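Student: The amino acid sequence is not available; the structure is as follows:
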């Protein structure tokens, strides 16, 4: 009776049905292995900037089933695209926070440092130098562009109608 049951098992493993099942299983295991190698390659390209390291990771991924697991343990945690996006956001924040006086005090519109008036509400932001017409800061004593002295009267900015200061004396 036991020999008869083992005989049917023996017959099953020597039948064409078993060979088809075995060959399909091997085929699917090979397809899964190739897919994991391809996945390691694609993932490494998105996470690693150096092409040599991408190929080393792919070669590691060729090791059946253990290679992709090792790659997953040691791969960079972020995509390069995410890193670049974060760096751009940080630069934008630094630019927003680092810019002093880049907004109109009245309407809060964004203005450039070279603007004399706000283009939105026409509030006067700076006084222009009468000699070179460049914008002047309120605390400046002399125009840094043309060396014209600036006279401050009652909190307003006026440029003195004086001659330029004499140039440096040459030493003899």
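Tutor: Structure received. In this text, all values refer to a predicted model and were calculated from it rather than measured experimentally.

Student: Going by C-alpha atoms from here, please, whenever you check contacts or count neighbours.
Tutor: Fine.

Student: so what's residue 18 up against?
Tutor: residue 12 (Cα atoms under 8 Å, 6 or more residues apart in numbering).

Student: name the element the residue most central in space within the chain belongs to?
Tutor: The residue lying closest to the centre of the chain (Cα atoms, centre = their mean) is residue 84, at 2.3 Å. Using DSSP states H and E, the element containing residue 84 is helix 80-98.

Student: Next secondary structure after that helix?
Tutor: Scanning forward in sequence from helix 80-98 by DSSP H and E, the next helix or strand is strand 127-128.

Student: partners of that following strand in the sheet?
Tutor: Its sheet considered, strand 127-128 pairs with strand 135-136 (antiparallel) by DSSP bridges.

Student: chain center to the partner strand: distance?
Tutor: Relative to the chain's own centre, strand 135-136 is displaced by 35 Å; criterion: Cα atoms, centre = their mean, to the nearest Å.

Student: Show me what it is in contact with.
Tutor: In this structure, residues lying in contact with strand 135-136 by Cα under 8 Å, 6+ apart are 114-116, 126-129, 143.

Student: now do 10 Å
Tutor: For strand 135-136, the external contacting residues (Cα atoms under 10 Å, 6 or more residues apart in numbering) are 113-117, 125-129, 142-145, 150, 157-159.

Student: quick one: the helix ranked longest in the chain to helix 80-98, angle?
Tutor: Counting residues, the longest helix found in the chain (DSSP state H) is helix 16-47. With axes from the mean of the first three to the mean of the last three Cα atoms, to 10 degrees applied, the angle from helix 16-47 to helix 80-98 works out at 20 degrees.

Student: buried ones in helix 16-47?
Tutor: Buried residues in helix 16-47, defined by neighbour count with 16 or more other Cα atoms under 10 Å: 33, 36-37, 40-41, 43-47.

Student: now these in a markdown table, with distance to residue 71?
Tutor: Output for the buried residues of helix 16-47, formatted as a markdown table (distance: Cα to Cα, whole Å):
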| residue | distance to residue 71 |
| --- | --- |
| 33 | 14 |
| 36 | 11 |
| 37 | 10 |
| 40 | 7 |
| 41 | 10 |
| 43 | 10 |
| 44 | 9 |
| 45 | 13 |
| 46 | 14 |
| 47 | 12 |
